[in-house]
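Quick one: sequence and predicted model below, then my questions.
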Amino acid sequence: MDTKKSKIFVTQPSLPDLEEFIPYLEDIWQSKRLTNDGPFHQQLEKEMAEFLGVKYISLFTNGTLALLTALQVLRITGEVITTPYSFVATTHALWWNKIKPVFVDIEPKFCNLDPEKIEAAITPQTTAILPVHVYGNPCYVERIQEIADTYGLKVIYDAAHAFGNKLEGTSVLNYGDLSTLSFHATKPYTTMEGGAIVCHDKKTKQRIDYLKNFGFAGETKVMAPGINSKMNEMQAALGLIQLKHYKENIEKRKEIAGIYKSELKKVNSIKVLPDYPELTSYNYIYFPIFVDEKEYGKSRDELYLHLKSNNIYGRRYFYPLISDFATYKGLNSAKNLPIAKEISEKVICLPIYSELDKETIYRIIELIK
Ligand SMILES: Cc1ncc(COP(=O)(O)O)c(C=O)c1O
């Protein structure tokens, strides 16, 4: 295959050999258990919790419905403090729950919600904080918890990027009241579509499981207007196989990130994220670069288009800011987010996935240089 001609996208899912999936499909066909807490669903909840080092996991159809439900589990209302620098689903989950998003600016080091700016945004209507571990780098979780404890707020982490990531040996998913995950096709661990809520006690898991199944708490009792967001057996079966291949997949991503990092260090006008010393496991989900137009001599968009014209399809994650989309830009809190704005105008995420070959990686680096 001529790699110069084929399109290289920001990511490509890592899939097991089809032969590995077939026995699971045969099982499903034979048992006719397709969904509703089937055997693969149960097995994956158990194995994933062990694998990640968390207490309880509830599997979902996708990450967006996990987020939407997490807000309902804790009965969050009023206003929620969140970041403008994320994928739109983070804020959309608030909108679907009729909660007012209050955007707070990010810190420039890891692009996460700036804890020092949270307190100024708290009002009597604030009930929770919804931060995102952007690019899988943990938020300042202890400082955020301190603020939440002082003001009596809940913390729900959108951990869509943080599958498998550990802070000094502890899963980052153990912080906050709840964390949500996404297993979308663009994520290093994928079940095609998929997601989860991580919680710390059995009663909360029970309520999550009611809510993801229309609110059914037994055959004839409905405890709330829940939704249908149950992961099906085909997704769960794929998830079981994906767990087995996760480590080798991440090793390959790590190698690619290492090459990008050491080569791009030589280009002063291009910045990459710094190391996160307390991060003891990392999934290398994205490789963002930040282009300083003045120093580089070309704008971020010029570089983005230059790569594209060479069949390299990076993504400007996250541009535009969520707070700049029509639904949200009228909010007062959408108006003064200088750090997020500046970063969103500099960022390009470069292709990274386990099957990306070295020739292409070096070609991308040369195009940037
Ligand atoms: C930060 C973030 N939150 C939420 C989502 C939504 O997850 P899903 O696509 O599984 O619904 C995504 C990505 O897709 C994401 O990147």
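Sure thing, it's come through.

hey, let's count contacts and neighbours off CA atoms from now on
OK.

Which parts of the stretch 201-350 of the chain are strands?
270-272, 279-281, 287-291, 312-313, 347-350 (DSSP state E, counting those that start in this stretch).

Would you mind saying which of these lies nearest Gln145?
Among the strands of the stretch 201-350 of the chain, the nearest to Gln145 by C-alpha to C-alpha is strand 279-281 (18.4 Å).

burial of Leu18, as a residue count?
Residues lying near Leu18 (other C-alpha atoms under 10 Å) number 8.

That should have said Glu168, apologies.
Quick note: Glu168 (other C-alpha under 10 Å) scores 12 neighbours.

quick one on the thing from earlier: can you convert the strands of the stretch 201-350 of the chain into TSV and add a column each for distance to Lys358?
Listed next are the strands of the stretch 201-350 of the chain as TSV, based on distance: least, C-alpha to C-alpha, whole Å:
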stretch	distance to Lys358
strand 270-272	19
strand 279-281	23
strand 287-291	15
strand 312-313	14
strand 347-350	14
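
Redo those strands as CSV? Include mean neighbour count.
Below are the strands of the stretch 201-350 of the chain laid out as CSV (neighbours: other C-alpha atoms under 10 Å):
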stretch, mean neighbour count
strand 270-272, 18
strand 279-281, 16
strand 287-291, 21
strand 312-313, 22
strand 347-350, 25
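
can you tell me which of those strands comes nearest to Ala162?
strand 279-281 (9.9 Å).

Show me which residues of this structure are close to the ligand?
Neighbours of the ligand within the chain, by C-alpha under 6 Å from any ligand atom: 62-64, 86-87, 89-90, 158, 160, 182-184, 193-195.

if you look at the residues you listed, which of them are in strands?
Among the residues of the chain next to the ligand, DSSP state E puts 158, 182, 195 in strands.

and of those, the nearest to Tyr276?
Asp158 (19.1 Å).

quick one, what contacts the nearest residue to the closest one once chain neighbours are set aside?
Once flanking residues are discounted, Asp158 sits nearest to Val132: 4.7 Å by C-alpha to C-alpha, 6 or more residues apart in numbering. Counting by C-alpha atoms under 8 Å, 6 or more residues apart in numbering, Val132 makes contact with 83, 86, 112-113, 139, 157-160.

switch the cut-off to 10 Å
82-87, 90, 111-113, 138-139, 156-162, 179-180 (C-alpha atoms under 10 Å, 6 or more residues apart in numbering).

Restricted to helices, list the residues you listed.
Thr90 (DSSP state H).

Buried only: go through the contacts of Val132 for me.
82-87, 90, 111-113, 138-139, 156-162, 179-180 (16 or more other C-alpha atoms under 10 Å).

In contact with the residue of the stretch 251-369 of the chain found nearest the ligand, which residues?
Nearest residue of the stretch 251-369 of the chain to the ligand: Tyr317, at 9.1 Å (C-alpha to the nearest ligand atom). Contacts of Tyr317 were listed using C-alpha under 10 Å, 6+ apart, and they are 85-87, 134-135, 286, 288, 343-350.
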